[in-house]
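Asks: The amino acid sequence is not available; the structure is as follows:
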DNA sequence: AAAATAGTGTCTATGAGACACTATAGT
DNA sequence: ACTATAGTGTCTCATAGACACTATTTT
């Protein structure tokens, strides 16, 4: 804001005397919901905790916000350091701050969600030697909201802190967003078929969609561009590959 | 979360030794956008600052988050203490945390927006002897987003900190929400005519709506209930008064 | 040839906009 | 009587769903 530059001598004196230590202050962290879609399931990156509290439970990647670091920069730092990911879709989700959500001390966490295509995140995690992604199960329909369950190898995982609720908020958010914003392509490789795009939408929404009207809606949205190339080795008539125009415009 | 109750002796020892002072911590505040609609204009409560920084500029009501207070409780406290309002629609908006947004020190602010009907907020402010509401002007269409301008008595006001941006985010949010959620009634008295409801939608969206389809859409939404009463003294055929079903259900 | 999915064309149902018309208050 | 807005009925147009049909690949 340009008004911040308006500093007269009275204001300079005030700033010098201001005591930043006058109030108790909570810790502030960022936590990340890194989502991908595959095999008609949503998956998130969760890390097993090796320290108390919630030792052995699974937690979202996160970290403290540096004193001279913006919230978004902190989220990007965590995304890179903990998942090896850069240049992906990242958006603020919600801020959670119940006084007892962390038993150690007051921690307010600003959450972000990232959408990544499966091959990209699997490659990045393999380079870091990390655990595989965790499958999410959403025990509610539509945008009702609520906590989400997480599974690995068929077994339900215990989630640390209020992270089940945070994951639920992320699913609720993208379910709302997929209907009016082109976020499906964030979960796909650069070129993709309409059937792949429909599968991603169906995965996000947790329900089947009509093939005909989905095609018409996507093609008439003006967001897609045919590449003139077709998929290969698919055991049926190959579909044309498309790309998102807004991505090529960046 | 119920998992928080799982405390063995090892975890108890760990919690005792945990040093909450180990990291520098930012200040955390809540700031409130208290919105109302009247005369085809959006209005917000802004308070003139009598201290540095931004002395003389106008700021959103806000306050520090107490160490044992949830974010929503802090927002409700500010709403009551600074505007005299209780039991109104209140929802988290966004968290702003650029390192230099407050020149004194690092302040991260969790913003909330409240929707209040005009008579209610005018009465409440009058009881507190506060300045009148400030008129907002949104120099962008639809949900493009961006900062908002504020006017009082025809003169544009200087806004403190990043509050023009926060106001812009609030307008963007309700523009998106009014199309799929029944938030119009939050800005109206308990009973209202369809024309009043349309005026509120038009004010929020910043554009005129078709009368016929608006009536049909509202009546077929199942959210409205006719009261059997009609407005009076209006200089034309009086309209029936409606109320929102979801309000009576609470 | 069979299986599977891609892609096109057409019919129908639904909802929004446009418009015409009647109804009822205040002035 | 005139003005302004409420409220109803009908027509048209755009879009979603349903369905039928053809096209093209692998097995």
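Replies: Yep, it's here. All values reported here derive from a predicted model rather than from experimental measurement.
Asks: Check chain A for its longest helix and report it.
Replies: Identified as the longest helix of chain A according to DSSP state H is helix A:163-177.
Asks: That helix - contacts with which helices or strands?
Replies: The helices and strands touching helix A:163-177, judged by 3 or more CB pairs under 8 Å, 6 or more residues apart in numbering or on different chains; DSSP states H and E, are strand A:27-38, strand A:41-44, strand A:89-96, strand A:107-115, strand A:149-152, helix A:194-205. Just so you know, the C-beta spots here come from the backbone N, C-alpha and C atoms, and that holds for glycine as well.
Asks: what does the average pLDDT come to for it?
Replies: For helix A:163-177, the mean pLDDT works out to 96.
Asks: Repeat that for stretch A:133-149.
Replies: Here stretch A:133-149 scores 93 as its mean pLDDT.
Asks: how long is that stretch end to end?
Replies: Using CA to CA, to the nearest Å, the end-to-end distance of stretch A:133-149 comes to 13 Å.
Asks: In it, which residues are buried?
Replies: Within stretch A:133-149, the residues scored as buried using 16 or more other CB atoms under 10 Å in any protein chain shown are A:133-136, A:138, A:147-148.
Asks: try stretch A:214-227
Replies: Buried residues in stretch A:214-227, counted by 16+ other CB under 10 Å: A:214, A:218, A:223-224.
Asks: quick revisit: turn the helices and strands packed on helix A:163-177 into CSV, columns for distance to chain B.
Replies: CSV is the format used below for those (distance: least, CB to the nearest CB, whole Å):
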stretch, distance to chain B
strand A:27-38, 5
strand A:41-44, 17
strand A:89-96, 5
strand A:107-115, 5
strand A:149-152, 13
helix A:194-205, 15
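Asks: do you know which of those lies nearest residue B:107?
Replies: Each of these has some distance to residue B:107 by CB to CB; the shortest is strand A:27-38, at 10.6 Å.
Asks: partners of the closest one in the sheet?
Replies: Strand pairing for strand A:27-38, using DSSP bridges, gives strand A:41-44 (antiparallel), strand A:62-64 (antiparallel), strand A:107-115 (parallel).
Asks: Next, the angle from the one helix or strand residue A:72 maps to to strand A:107-115.
Replies: According to DSSP states H and E, residue A:72 maps onto helix A:71-83. When axes from the mean of the first three to the mean of the last three CA atoms, to 10 degrees is applied, the directions of helix A:71-83 and strand A:107-115 differ by 70 degrees.
Asks: tell me the domain boundaries of chain A?
Replies: As assigned by automatic domain parsing, chain A contains the domains A:24-177, A:186-244.
Asks: Would you tell me whether the last one gets close to DNA strand C?
Replies: Going back to what we said before, that points to domain A:186-244. Yes. Under the criterion of CB under 7 Å from any atom of the strand, domain A:186-244 makes contact with DNA strand C via A:193-195, A:211-212, A:215, A:230, A:235-240.
Asks: Lowest-confidence one in these?
Replies: Lowest confidence among the residues of domain A:186-244 next to DNA strand C: residue A:235, with 88.
Asks: so residue A:117 touches residue A:187, yeah?
Replies: Yes. Look at residue A:117 against residue A:187 with CB atoms under 8 Å: they come within range, at 5.6 Å.
Asks: More neighbours: those two, which one.
Replies: The residue with more neighbours, out of residue A:117 and residue A:187, is residue A:187; 28 against 19, by other CB atoms under 10 Å in any protein chain shown.
Asks: Low-confidence regions, chain A specifically.
Replies: By pLDDT under 70, the low-scoring segments of chain A are A:1-23, A:247-250.
Asks: Please enumerate the shared neighbours of residue A:117 and residue A:187.
Replies: When CB atoms under 8 Å, 6 or more residues apart in numbering or on different chains defines a contact, the residues bordering residue A:117 and residue A:187 alike are residue A:36.
Asks: And residue A:174, how close does it get to DNA strand C?
Replies: 23 Å (CB to the nearest atom of the strand, to the nearest Å).
Asks: of all the residues of domain A:186-244 next to DNA strand C, which two lie farthest apart?
Replies: A:212 and A:235 (22.4 Å).
Asks: Among these two, which residue is more densely surrounded?
Replies: The residue with more neighbours, out of residue A:212 and residue A:235, is residue A:212; 8 against 5, by other CB under 10 Å.
Asks: ok so, going back, the buried residues of stretch A:133-149: which two are farthest apart?
Replies: Of all pairs drawn from the buried residues of stretch A:133-149, the one with the longest distance (CB to CB) is A:133 and A:147, at 18.6 Å.
Asks: got TSV for the residues of domain A:186-244 next to DNA strand C, with secondary structure too?
Replies: Below are the residues of domain A:186-244 next to DNA strand C laid out as TSV (DSSP: H, G, I helix; E, B strand; the rest coil):
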residue	secondary structure
A:193	coil
A:194	helix
A:195	helix
A:211	helix
A:212	helix
A:215	helix
A:230	strand
A:235	coil
A:236	coil
A:237	coil
A:238	coil
A:239	coil
A:240	strand
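Asks: can you list those residues in JSON lines and add distance to residue B:112?
Replies: Output for the residues of domain A:186-244 next to DNA strand C, formatted as JSON lines (distance: CB to CB, whole Å):
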{"residue": "A:193", "distance to residue B:112": "43"}
{"residue": "A:194", "distance to residue B:112": "41"}
{"residue": "A:195", "distance to residue B:112": "42"}
{"residue": "A:211", "distance to residue B:112": "42"}
{"residue": "A:212", "distance to residue B:112": "43"}
{"residue": "A:215", "distance to residue B:112": "41"}
{"residue": "A:230", "distance to residue B:112": "51"}
{"residue": "A:235", "distance to residue B:112": "53"}
{"residue": "A:236", "distance to residue B:112": "52"}
{"residue": "A:237", "distance to residue B:112": "53"}
{"residue": "A:238", "distance to residue B:112": "51"}
{"residue": "A:239", "distance to residue B:112": "46"}
{"residue": "A:240", "distance to residue B:112": "47"}
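Asks: out of the residues you listed, which are buried?
Replies: Neighbour counting with 16+ other CB under 10 Å marks A:193-194 as buried within those.
Asks: tell me, which of the residues of domain A:186-244 next to DNA strand C make contact with DNA strand D?
Replies: Okay, of the residues of domain A:186-244 next to DNA strand C touching DNA strand D (CB under 7 Å from any atom of the strand), that's A:212, A:230, A:235-238.
Asks: Pull the number of nearby residues for residue A:81.
Replies: Counted with other CB under 10 Å, residues neighbouring residue A:81 total 12.
Asks: who's in contact with it?
Replies: Contacts of residue A:81 by CB under 8 Å, 6+ apart are residue A:63.
Asks: Report how many residues lie close to residue A:200.
Replies: Using other CB under 10 Å, residue A:200 is surrounded by 26 other residues.
Asks: Over to the one 4 residues further on?
Replies: Other residues near residue A:204 come to 22 when the count uses other CB under 10 Å.
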